[in-house]
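Undergrad: Sequence and predicted structure below; questions after.
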4 protein chains.
Amino acid sequence: MTSFLPTDEEREFIEVAKGFALEKIRPIAREVEDNRIVNDKMVKELEELGFLSREMPEEWEGLELPLISQAQILQALSYGDLAVIQGLPGAGDAASFIRLQKDHPILSLHKEELIQSNKTIALLDLLEVANSQITIEKTENGWMIDGVSQPIRLASFADYVIVAAKDNEGVPVVLWVDIYQDQVKVDSGDYRLGLLASGTGKIIFDQVQISKQLALAEAEDAVKLMADTRNRIRVLQAAKQVGLMEAALDYATEYTAGRKAFGQEIAKFQGVSFRIADMAMETRIAAHLVWEAALAVDGGKNTAAGSSIRALYRAHRSLRFVTDSAVQLLGGHGYVQEYPVEKWMRDAQAQVTLYGRERELLIERGEQILSGAIGVTV
Amino acid sequence: MTSFLPTDEEREFIEVAKGFALEKIRPIAREVEDNRIVNDKMVKELEELGFLSREMPEEWEGLELPLISQAQILQALSYGDLAVIQGLPGAGDAASFIRLQKDHPILSLHKEELIQSNKTIALLDLLEVANSQITIEKTENGWMIDGVSQPIRLASFADYVIVAAKDNEGVPVVLWVDIYQDQVKVDSGDYRLGLLASGTGKIIFDQVQISKQLALAEAEDAVKLMADTRNRIRVLQAAKQVGLMEAALDYATEYTAGRKAFGQEIAKFQGVSFRIADMAMETRIAAHLVWEAALAVDGGKNTAAGSSIRALYRAHRSLRFVTDSAVQLLGGHGYVQEYPVEKWMRDAQAQVTLYGRERELLIERGEQILSGAIGVTV
Amino acid sequence: MTSFLPTDEEREFIEVAKGFALEKIRPIAREVEDNRIVNDKMVKELEELGFLSREMPEEWEGLELPLISQAQILQALSYGDLAVIQGLPGAGDAASFIRLQKDHPILSLHKEELIQSNKTIALLDLLEVANSQITIEKTENGWMIDGVSQPIRLASFADYVIVAAKDNEGVPVVLWVDIYQDQVKVDSGDYRLGLLASGTGKIIFDQVQISKQLALAEAEDAVKLMADTRNRIRVLQAAKQVGLMEAALDYATEYTAGRKAFGQEIAKFQGVSFRIADMAMETRIAAHLVWEAALAVDGGKNTAAGSSIRALYRAHRSLRFVTDSAVQLLGGHGYVQEYPVEKWMRDAQAQVTLYGRERELLIERGEQILSGAIGVTV
Amino acid sequence: MTSFLPTDEEREFIEVAKGFALEKIRPIAREVEDNRIVNDKMVKELEELGFLSREMPEEWEGLELPLISQAQILQALSYGDLAVIQGLPGAGDAASFIRLQKDHPILSLHKEELIQSNKTIALLDLLEVANSQITIEKTENGWMIDGVSQPIRLASFADYVIVAAKDNEGVPVVLWVDIYQDQVKVDSGDYRLGLLASGTGKIIFDQVQISKQLALAEAEDAVKLMADTRNRIRVLQAAKQVGLMEAALDYATEYTAGRKAFGQEIAKFQGVSFRIADMAMETRIAAHLVWEAALAVDGGKNTAAGSSIRALYRAHRSLRFVTDSAVQLLGGHGYVQEYPVEKWMRDAQAQVTLYGRERELLIERGEQILSGAIGVTV
C-alpha cells in the first residue's frame, strides 16, 4: 500500500490533459485515421503543452516525470483517442531507453538534432523473441543486420531505429541504426485493423552494416537496460489502454443511459446494467494495477518487472473486454463509423497485437513467483 | 439424441462445397474485400453449383434442402471466406421468409423475375426491436414507412426490402417494398470493420407509401411467419460462423505447428497447445448446437426457437473467441493483411454486430425455461 | 488515487496480526472445525490483543479504527483461517451498527453488559430482501415478529439479535431482540459446507412481541443507518476474504514450487505457472478494491456504497476462483483433510453463500452508474 | 455427424433408469452420505435391474453395452445422486479393463468369484503420473510395490486392486493385487468434501511382493490396454457428471420458477434467467461431447482418445459451473442440508478432484492436434 497522491502541479497537468483530450483530440480522431497521420497542428500543440517530453530526461529538455504522473497524463490523453496518441512522432518507446542511457556518446551526439527537429525513433526489441526473422551477425568492425521485422509502431515515420537483439554469438546488443544513412527500408503495408496513423510497418534490413561505435549497450548492460526499458514501456502503454477503456466505458454508458428516446428501453434490458458495472470494474482494476506498477518502477523496487507485466497483461485483457462490450452495447451502431466504438475496438485489437504477448507475460510472471523471485502477493 | 446422417447425395454436395471453398473462395477473399463486392464470376459459379438456391422452395426452382444439409453446406462454404458468402446477391435472409410464404400473391407475381434475374432482397426485421427509429403508420390504403434503419446486410445491393414491424396501432405487418419504385434510398456508409462486401447499409424511408396489397402477412400470421423465419435464419447464420471458426482454427494450428522454423518454438510456449485445444472445443461445441437446432427446426419441434437461439448465441461467443485467439496466436502477423486472420477477426466482429443480440437472446431463452415453455435439458 | 499509508502504530498492529495468524490460528483451524466452536483461549488471546474491538467505538472501549486499518488487520488474521475469525463471539457484523448508533438509549442500557461479558449479537438484515419469510407486524405497543430466517452467522451463539426489516406497513425498522427474554429459538442445523464454527443458524421467531422502545431506528433513519452499516460490513467481510485468498495462494505456490520431489515436476506442467500468476493477480485485484472501498467509506465519500459493493462482489468471485484453483493444483491432496485447501474451499463457498448476492450487487451498481448516481470510473 | 439413435430396448432401459433415479436414489442420498456407504438393498435392486453389469463382458454375465447406451443410463442414474452411483461396489473403473482383457488367466481364475460374490476392485492408474509416491521394483520373481497412493475411489471397499504403473526399469506393468492376501492396507481418512460414500481412500503398500504371473499386462500391451481403458472410463465418468448437472439445473430451475411465493420475485432479478439459460447450455454442451466421445470409442475411431479427453475436461468444467450456480441461485438455502445443492456442489468438487487433471488433459489434446495426430475439428 503506497501513496498515490499527485502534487498540485501534476494534478493541474492532468486536468489540462483531460480537457485537451476531449476538446481537441477526440474531434479529430476519425480524420487522423483517414489521413493515416496525426496533423502537425496537433503535434505542435501537444509539444507546446509539454506532453511529448514527459519521459525524456531533463538534460534533454524533457520533463523527466515519474511514471505515476505520466501514467495519469497518458490515461487522460488517450481518453481522447488512443490512435492519435500512438501516432505522435518523437522518441516513442525509445524515450524510455534514452532516459536510462542518456549519457551514451552516440545519443549525446544526436541529442541536439533529436530535441530540435523532433526526429522519430522506432524501437525494435528482439532480445526475448525466439526465432526472430532478423539475424545480427558479428563482423570485424561491428555487426551486420539482415531480415524483415514484424510490424512495429512508428516504423514508417522513423529517422532512427534502436535495435535490441542477440547477435549470432548469443551476445545481447543494442544498436543505433540510421534509417537514411544505413539505407534501411520500411514496408508500411496496407493495414486495416486499427491504429492506422501509428506509422506501423515492417523494417527491412538488407545486410545493413553497423559499426562498433554504434552499440548503445552490450552484454549484461544491454540486458539490464532493456529490462528496465521494458518495465517502463509496459506501464506507459498500459496507462494509455486504461484511457481508451475509460473512453469506451463512458461512451457506452452515456449511450445506454442518456439518450432518452432509446436509452430508457435499453437500460431495461436484463444484463445491460450488469455489463456496464463489469466494464467499470475491469477499467478500475486495470488502473489500480498500472498505478501500482508505476510506483514500483519509480521506486526501483524489485517487484517492478512483475508488477509491470501484470499491469500490461491485465490492461490487454480488460481493453479487449471493454471495447468489445461497448460495440455490443451499441447494437447496430457498433458497426458504423458515426460512432467511435468500432474504431476503438479496432484500435484496441491493433494495440494488443503490437504490444501483446499476453499469456507468455503472465506465464513468465508465474514462473517468477514459483521460483521465489518475487513474493506472491505483491 | 437424433440422427445426423446425411444422404450420399448430400455428402457429395458438402464435399463439393469444401473443395470449392478452399480452391476458389479463399484465394479471392482479399480482392473481394478491396472491391467491396463479390465478382460476377464467383456468383455465377456458385449459382451453377446450386449453392444459391439451397433455401428456396422447389416451386421457385430452389433445392429446398433441410436445414441440417444447408448448415453443413454453409459451414463448408464459409470455411473459404465468410465475407464472400455474406456478399452473395439473391434473396439472402429473405429466402427463409419466401420459403414459408411461397404462395403469397405478391411473391408469386415477382417469382419469375426473382428467379431469372437473380434480384436481391434485404430483410429488415423490426418486429422485436424496441424503439426502432422507423415508424410504420397505418393509412387509409396501406401504410407509410418513415425513418432510417440500422445497418443491415445486402441493403446496398437490394432491389426489394421485406420489412417486418409493428405499425402505429401495434399490429404486426410484413411489407413488400420496391427499392426503385418506392424511391427508397440506401446509405452505404464507409464501413471499415468487416464484411465489407456484404452490401451493408442503412435503409432510408422518406415517407414511403405502401399499398394494402403489398402486405405479405399481418397480425398473428406475421408474428408466426417471422418467428419461423427467424429460427431458420439463426441456424443458417450460425452454420456460416462455424465455417469461419474452422477456418481460423485450422489456420492458427497450421501456422503454429507446421512452419518448422518458427513453429516448434511457438509450440513450446506454455499455453499455446491449451489455447488450440480450447479453440477446437469451442468450434465443435458450436457445431453440435447448430446441428441440433437444424434438426429441431427441420422436425418442426417445439424446441426450435430455443435451440436456434442457443445455437446462434453460442456461435457468436465462440466465433469471437476463436478469431481473437487466432490473431493472438499469430503474434505480429495477426496485424498484417498478408495473413487472413486480422480480416477474419474484423469479419467476425461485423457478423456478430449485424446478427447479434447475444445476451438478450439467451435471457429470452432463460425466461422460456423458467416459464416452462421448453424443457431445460433439451 | 488516494493515500494507503498506514501509521507506524497500525503497521505494527498488522504485523502482530500476521504473526498471530500463522503461529496461533492456522494450527488450530482443523480442531476448531471439529469442535464447531472457537475455544475460549483463542478468544481471550485475540481479545487481549485488541483484535475483537477493532470496530467498536471508543466510548464502548473499542479501538474505533478506520476501515483501512481494520481491512488490513482482518486480511492478516484471516490468513490464519477464515473460519476461526468468522466464529469469534461478540458483536460481529452488528458492531458496525453499534458504532453508528452508539448513543441510542437501548444500546447504552446494554453497553456495560456487552463490554464486560462479551455477549454475542447476530445481525439479521432483511431490509432489502424481497419476499423474506419473516413478517413484522405493527402492533399497538410495538411489533410482532414471526417466521424463520435464512441461516445467518453467529445465530447459535447469539444473546441478542438486531433485526432490520420493513414492517407490514412498509416502514423500515431496526429492532433489538433479546434471545432469552423474548424466547427466540435458533435452529443450528447440521451444516457441512464450511465455516462450521461460525454458529450459523436460522432464527425462529414464534410471534415474538417487541415493544416500541426497542426500536433502534425507524423510517429514513433506519434506511440510512443500515445503508452505512452495510457499506462497512461489505468492506470488512471482503477484507477477510482477501486474507483467505492469500493463504490459499501461498499454500498452493509453496506446494507447487517448494516440495522438491514433486514440485519440480508439477511446475513443469504447462499452465501451472499461468494459473499461479492468475491467482496472484486476482488476489491483488481484490485487495486493491477493498482498500479503495475502505478509504471511500472512511472518507464519507458518496462513492462508498458503489465501492463497497464492487469490492465485495469481486472478493466473492476471486475467492471462489482462488480456493478452487488451490484444490485443483493440489491434485489428489485437494481432497484430503491433511491439507487445508479442501476446508478453505468449503469455507469459501459457505462465506459466499452467507454474504453473497453477487450478481444482484453488481447489477445494483450498474444501475447506479446508468442513473448517474456515481461516476463510472470511480 | 453420427447416429445417436438408441434401440427401443435401450430406450426402455434408460427410461427405467430415470424413474429409478428419481423415485429410489434421490430420496436416500442424504442417508447414504450420513452412513458413508450405499445400503445393500439399493445395491441389490440396481444389480437386479442389470445396472451394475453394464460394462462387463457377456462371458462374465455382463450386458457388455456400447458406451453410447451406458452413457445415457449413467446420466439417468446419476440424476438421482452421483454419490450413490459412485459408491456402488463391484468392478468400478476396473470393469473397463476387465472388458478389454477378459481372457487373461488371472482374471479367468477370479471370474466366478467376482461374478458370484460381487467383489469390489479398485483401479490405481499411475502410468502417466509423474513422480508418484509409489515405487514398483522389479524383483527376481515379480515386483515389489511400496508407498502410499493418493486417494482413489472404492479403495476402502476393495477386495482387489489393479495397479498400472511403470516399474523401476521404466517398463509399464499392470498388476493384480489381493488386498487381504497381500496384506495391503487402506487409509480411509476422514473426508468431508463430497462423495462420502464412495469408499475413497489411500492404498498403503508396505513392500508388497507380487509374483510374475500376477501381471495382467506388460510393456506395450499394458500401455495400449490402459489407454483404451482410460478412454472408456473418461466417457463413463463424464456421463455421470452430466447426470448430476441435469439434476442441479432442474432443481435450481424449479426452485427459481416454481415456488410461487418466492419464485416470481427471484425470477424478476436481472441475470437469473441468463444464468439458468447458461447452465442449461453448459449441460447440453457437455452431453453432446460425451455422446460424441462414446460413439468414437464404440466405433474404434482414432479420435477416441481426443474425444474422451475433451468430453471429460468439459464435463469437469461444466459440472463445477452448474453446481456452483445452483448453490448461488438458492441463496441462503444453498448452505443448508434440507436442499440437495450444497451436497451436490461438494460431490462435484470431490468428483473433479478424483478424476481431474483438467488442464493437463486439454493440453495433451492440444499437443495431439498440433502434432497432427488428430484432426482439429473432429
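TA: Sure thing, it's come through. Residues are numbered from 1 along each chain as shown, chains lettered A, B, ... in the order given.
Undergrad: Please enumerate the strands of chain A.
TA: A:121-125, A:135-138, A:142-148, A:160-166, A:172-178, A:185-187, A:202-211, A:215-218 (DSSP state E).
Undergrad: which stretch among those strands comes nearest chain C?
TA: Comparison of those against chain C by Cβ to the nearest Cβ identifies strand A:121-125 as nearest, at 21.8 Å. In short, each C-beta sits where N, CA and C put it, glycine included.
Undergrad: what residues does that closest one touch?
TA: Contact with strand A:121-125 is made by A:90-95, A:97-98, A:114, A:134, A:149, A:152-155, A:158-165, A:203, A:226, A:229-230, A:233, as judged by Cβ atoms under 8 Å, 6 or more residues apart in numbering or on different chains.
Undergrad: let's go with 7 Å and repeat that
TA: A:91-94, A:97, A:149, A:152, A:154-155, A:158-164, A:203, A:226, A:230 (Cβ atoms under 7 Å, 6 or more residues apart in numbering or on different chains).
Undergrad: can you check stretch A:87-102 too?
TA: So stretch A:87-102 is contacted by A:32, A:37-38, A:43, A:46, A:52, A:55-57, A:59-60, A:107, A:118, A:120-123, A:153-154, A:157, A:162, A:197-199, A:216-217, A:225, A:228-229, A:232-233 (Cβ under 7 Å, 6+ apart).
Undergrad: my read: A:Leu74 touches A:Ala239, true?
TA: Yes. With contacts counted by Cβ atoms under 7 Å, A:Leu74 reaches A:Ala239, the gap being 4.3 Å.
Undergrad: Including mean neighbour count and mean pLDDT, could the strands of chain A go into JSON lines?
TA: Listed next are the strands of chain A as JSON lines, based on neighbours: other Cβ atoms under 10 Å in any protein chain shown; pLDDT from 0 to 100:
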{"stretch": "strand A:121-125", "mean neighbour count": "25", "mean pLDDT": "97"}
{"stretch": "strand A:135-138", "mean neighbour count": "18", "mean pLDDT": "96"}
{"stretch": "strand A:142-148", "mean neighbour count": "19", "mean pLDDT": "96"}
{"stretch": "strand A:160-166", "mean neighbour count": "24", "mean pLDDT": "97"}
{"stretch": "strand A:172-178", "mean neighbour count": "22", "mean pLDDT": "97"}
{"stretch": "strand A:185-187", "mean neighbour count": "17", "mean pLDDT": "95"}
{"stretch": "strand A:202-211", "mean neighbour count": "18", "mean pLDDT": "96"}
{"stretch": "strand A:215-218", "mean neighbour count": "20", "mean pLDDT": "97"}
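Undergrad: Including distance to B:Val173, could those strands go into a markdown table?
TA: A markdown table is the format used below for these (distance: least, Cβ to Cβ, whole Å):
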| stretch | distance to B:Val173 |
| --- | --- |
| strand A:121-125 | 60 |
| strand A:135-138 | 69 |
| strand A:142-148 | 59 |
| strand A:160-166 | 64 |
| strand A:172-178 | 68 |
| strand A:185-187 | 55 |
| strand A:202-211 | 55 |
| strand A:215-218 | 72 |
